[in-house]
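Q: Okay, sequence plus prediction incoming.
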Amino acid sequence: MGICAPQTMAATTPIKPFSPEETRRIVHHLQQPAIFLDMTCGWPVLRWTAEHLAGCFGDRLVRFRLGRKGETNTPLFETQCSYVEAKLAEFLSWTQGQSGTHVGPFSEYPISEHWAYADYKYIAMLFQDQPFMFEDVKWSEFGFEGRNGRESTLWIGTERANTPCHLDSYGCNLVLQVQGRKRWHLFPPDDTANLYPTRIPYEESSVFSQVDVVHPDLRRFPAFKRARAHIVTLQPGQVLYVPRHWWHYVESVDPITVSVNSWIELEVDDVARVSEAVTKTVVSAIKSARSDDNADNWLNPTEEGEASHDENMQYLNLAVRTCADRPRGLRHSKLIQDPRDARPVKRDSSGQIRKSTDRVGNSAPFSVPFGPHLIPVPCQQEEPRKVTPKDAEVNSSRSCAVTAEEDCSISSDAAQRDECASAVGFLQGKHERSPGLTSRTPCDCADGTSEHSAGDHKESKSTTITTNDLLACLLHPDIISRVTELLLERHTGSQRTATPF
């Protein structure tokens, strides 16, 4: 195991554009992805290049995920990848085109044909014998007192390494780019119907999209045409804020990339945890039943392992009791709302709070201070130019509010016509089957019409319903929400509103 010497801060701490209190207040109000600039000057973690970390790790083995390069029009889920345990030094030699003993287990995977990454490794585990490394990450300067690298994860990957499009069930996300660049494709929660969500492979904290958002198959996933992409390439030193339940697909664009992530729950959402416990129990119960059509690799490798039904029921009961014991106003609240203020939040077309009062206790209106140090990620279909302070004014003007009529709007008539076809994605359209994914049947609309012809409808009736078809229906967000409401009503005596995930 290598040993890193403690890194000291510069003698003079740079003046940051926002104080910790101001930054926490901004994050509390942001309702769209945004980039913080000039907030990490002087952070020792910016020296955490892959080469530096290789010296720190020494002979420690790290698990890497590998995938093949090339366009497939389908996401490559973790259950379909290859994995190796290797030293970070071997990984670096592999990226430099070396071979033989220098690259260890990577020798079986030509760099010209594969990409690889070590994803979201907990820094607390990587540096458990070097705790001083935790202090290199200064999330306390974002207003989260006491938070550092101990609560963060590390991501190291090669060019074209990517994570499937997904949303995180819990909390928001702060991402610091350390080395290289990563391109982010983000979609608002309202686009869930257009992203065809799936819970197979199952991961408690994530919901995946069945769409390859960079090379989509619009024949199979026609509703994706309506998805509103917010795209940005994150540069070293910049911090990206990803709000709760925003979908994101991430791809490395440089030979080596390193980033540090921190998931933060600004407010504990007990009702969402009950919904997740319901989902976990249903998935485990059905997928643990062995049958000819139920043999796919359904559990994401990031999960610790398949839990027994008794364990899942204990988890569900604990989640329900915790929610029932908490005062009603604290059980479930939107990320931007204070429990003392249950009024609905009004937002403008860019997703920002419209003339809201400060939830921190100040009655004065609060406006997110977009400008040279805080840039909204634009809503657009093409990648924006490199984000720099010089471009801030231009990029800020290209927010979703400005491009609404160009990129982000759908006519109300069209939306009503397609409402049935795009309903959360689980039951829409007839599509080809893929291993581990769900097959669908046409959805009859309110006016009695179908998005497919009568011939297609007749053909679909003869299609065998699979275990995954049934599971997709049971895990429909509306179904999970309703089951959660009924459970809480049974145990609290009153109805509660559940979140979709």
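A: Nice, I can see it.

Q: center of this structure, which residue is that?
A: The chain has Leu167 as the residue nearest its centroid, 3.6 Å off, counting by C-alpha atoms, centre = their mean.

Q: ok, now how distant is that residue from His215?
A: Distance of Leu167 to His215, computed by C-beta to C-beta, to the nearest Å: 20 Å. Where C-beta positions appear, they are placed from N, C-alpha and C, glycine not excepted.

Q: Same check on Arg47?
A: For Arg47, the distance to His215 - C-beta to C-beta - is 36 Å.

Q: how many neighbours does the nearest residue to Phe187 once chain neighbours are set aside have?
A: Of all residues not flanking Phe187 in the chain, Trp247 sits nearest, at 4.0 Å (C-beta to C-beta, 6 or more residues apart in numbering). Using other C-beta atoms under 10 Å, the number of residues around Trp247 comes to 27.

Q: hang on, isn't Trp247 packed against Phe208?
A: No: counting by C-beta atoms under 8 Å, Trp247 does not reach Phe208; the two are 9.5 Å apart.

Q: any shared contact partners between these two?
A: Listed as contacting both Trp247 and Phe208 by C-beta atoms under 8 Å, 6 or more residues apart in numbering are Cys165, His166.

Q: sorry, back to before: now do the contacts for the residue nearest to the centre of the chain.
A: Contacts of Leu167 by C-beta under 8 Å, 6+ apart are Pro189, Thr192, Pro197, Ser206, Val207, His245, Trp246, Trp247, His248, Phe501.

Q: Pick out whichever of those residues sits closest to Gly180.
A: Taking C-beta to C-beta as the measure, Gly180 lies nearest His248 of these, at 17.5 Å.

Q: three-state assignment of that closest one?
A: Under DSSP: H, G, I helix; E, B strand; the rest coil, His248 falls in the strand class.

Q: can you check Leu316 too?
A: Of the three states, Leu316 takes helix under three-state DSSP.

Q: burial count for the closest residue to it other than its chain neighbours?
A: Computed as C-beta to C-beta, 6+ apart, the closest residue to Leu316 that is not its neighbour in sequence is Ala277, at 4.1 Å. Using other C-beta under 10 Å, Ala277 has 23 neighbouring residues.

Q: any idea of the mean pLDDT for the host helix or strand of Ala277?
A: Element membership of Ala277 [criterion: DSSP states H and E] is helix 270-287. The average pLDDT within helix 270-287 is 93.

Q: Stretch 56-70 too?
A: 93.

Q: List the contacts of stretch 278-295.
A: With C-beta under 8 Å, 6+ apart, stretch 278-295 has contacts from 199-200, 202, 204, 298-299, 306-307, 309, 312-313, 315-316, 464, 466-468, 470-471, 474-475, 480, 483-484, 487, 501.

Q: I misspoke; the intended subject was stretch 158-165.
A: Applying C-beta under 8 Å, 6+ apart, the contact partners of stretch 158-165 are 67, 69, 75-78, 95, 111, 115-117, 119, 185, 187, 195, 208-209, 211, 213, 247-257.

Q: returning to what we had before: give me the mean pLDDT for the host helix or strand of the residue nearest to the centre of the chain.
A: In this structure, Leu167 sits in strand 162-168 according to DSSP H and E. For strand 162-168, mean pLDDT rounds to 93.
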